[in-house]
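Peer 1: here is a sequence with its predicted model. Questions after.
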Amino acid sequence: MKIWGKVFGAIIGFMFGRIFGALLGAWLGHLYDKRGSTIQIIRNASKKQSQFFNSTFAVMGHVAKASGRVTETDIKIASMMMDQMRLQGSVRTDAQNAFRQGKQADFDLTTCLREFKAIAGRRQEILQMFLEIQIQTALADAELHPKEKQILTIIAQQLGFSASQLEVLLKRWQAEFRFQQSSARGGPQRTNINDAYQVLGLEQSASDQDIKRAYRKLMNEHHPDKLVAKGLPEEMMELAKKKAQDIQAAYDSLKIQRGFK
């Protein structure tokens with residue numbers, strides 16, 4: 001607890017103005033303490049944000065290199081995410097350097113993940129978004145290389161996710177990728193619907209109520225405002241919005257197909 005500003009302010013104020021001066025000095029000292037605390041909070045938040053970005057892109061680089069070489073698609077994915085986060089200037093340079101570091105043979109994945117988890121704490125939504133970003137990187141070429149799967153398993157374990165939870169997320173993202181591609185090409189409605197179920201983590205035998213519950217749960221987990229409140233840097237809001245839009249699109253497709261409100 002910072003009190004020295006108040007103490008010295010009171011002493012100086014008393015010297016020049018007795019009781020009134022002491023009160024005035026204490027008040028001015030309080031403002032100094034408060035300002036100092038605020039500055040420290042801002043500095044700590046900035047440091048954590050920087051660590052968040054660096055960890056995210058360093059692990060992305062490591063995942064991208066897992067299949068043997070970093071492809072143009074991998075680089076485009078990283079650049080796209082930087083664009084979505086609106087990273088500019090030195091922050092973007094740091095992210096690019098972190099991506100390159102992650103590609104190095106001596107990159108310490110375990111230490112990087114432990115440091116990230118220390119920043120994220122027990123905020124499950126933040127940990128899951130980090131894991132999903134790495135899954136997106138692995139699936140950038142629409143394939144999952146065995147070494148990519150191995151690294152994703154390590155990431156999931158270090159962040160506290162089980163093998164079954166990782167499998168669920170992998171299936172969702174693979175379905176989401178197909179759903180997006182099919183929708184963009186105006187593909188068969190049947191294919192869209194099959195993948196829409198998987199985006200929501202459901203089987204086609206799910207009831208209307210099951211669909212509604214799954215939709216509400218996923219939207220609650222991926223709501224941008226909620227994620228920011230839990231510590232997600234505002235620069236990553238666009239990623240959260242995109243995920244929420246995909247969930248909404250899958251749900252809307254099922255509503256139309258099944259005819260419920």
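Peer 2: Looks like it arrived, so ask away.
Peer 1: buried residues in stretch 95-112?
Peer 2: Neighbour counts over stretch 95-112 (16 or more other Cβ atoms under 10 Å) mark Ala95, Gln96, Ala98, Phe99, Gln101, Gly102, Lys103, Phe107, Leu109, Cys112 as buried. Just so you know, the C-beta spots here come from the backbone N, C-alpha and C atoms, and that holds for glycine as well.
Peer 1: same thing with stretch 63-77?
Peer 2: Val63, Ala64, Lys65, Ala66, Ser67, Val70, Asp74, Ile77.
Peer 1: return the member of those residues nearest to Glu148.
Peer 2: Glu148 lies nearest to Ala66 out of the buried residues of stretch 63-77, by Cβ to Cβ, at 4.6 Å.
Peer 1: was I right about that closest one contacting Lys147?
Peer 2: Yes. Between Ala66 and Lys147 there is a contact at 4.3 Å, judged by Cβ atoms under 8 Å.
Peer 1: circling back to that earlier point, can you list the buried residues of stretch 95-112 in CSV and add secondary structure?
Peer 2: As requested, the buried residues of stretch 95-112 are exported to CSV (DSSP: H, G, I helix; E, B strand; the rest coil):
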residue, secondary structure
Ala95, helix
Gln96, helix
Ala98, helix
Phe99, helix
Gln101, helix
Gly102, helix
Lys103, helix
Phe107, coil
Leu109, helix
Cys112, helix
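Peer 1: farthest pair in these?
Peer 2: Taking every pair in the buried residues of stretch 95-112 and measuring Cβ to Cβ, the maximum separation is 18.8 Å, between Gln96 and Leu109.
Peer 1: now the helix or strand harbouring Asp246: mean pLDDT?
Peer 2: Assigned by DSSP states H and E, Asp246 belongs to helix 237-258. Mean pLDDT, helix 237-258: 79.
Peer 1: could I have the CA atoms of it written out in CSV?
Peer 2: Output in CSV follows, covering the C-alpha atoms of helix 237-258 (Å, rounded to 0.1, in the frame of the first residue of the first chain):
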residue,chain,number,x,y,z
MET,A,237,-11.6,-8.4,-30.2
GLU,A,238,-11.9,-9.0,-34.0
LEU,A,239,-10.9,-12.7,-33.5
ALA,A,240,-13.6,-13.1,-30.9
LYS,A,241,-16.1,-11.4,-33.1
LYS,A,242,-15.3,-13.6,-36.0
LYS,A,243,-15.8,-16.7,-33.9
ALA,A,244,-19.1,-15.4,-32.6
GLN,A,245,-20.2,-14.7,-36.2
ASP,A,246,-19.4,-18.3,-37.2
ILE,A,247,-21.4,-19.7,-34.3
GLN,A,248,-24.3,-17.4,-35.2
ALA,A,249,-24.2,-18.5,-38.9
ALA,A,250,-24.2,-22.2,-38.0
TYR,A,251,-27.1,-21.7,-35.6
ASP,A,252,-29.1,-19.7,-38.2
SER,A,253,-28.6,-22.4,-40.7
LEU,A,254,-30.0,-25.0,-38.3
LYS,A,255,-33.0,-22.7,-37.4
ILE,A,256,-33.9,-22.4,-41.1
GLN,A,257,-33.4,-26.2,-41.8
ARG,A,258,-35.4,-27.3,-38.8
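Peer 1: the protein: helices as residue ranges?
Peer 2: Taking DSSP state H, the helices of the chain run over residues 4-65, 72-84, 89-103, 109-120, 124-138, 146-159, 163-185, 189-199, 208-222, 224-229, 237-258.
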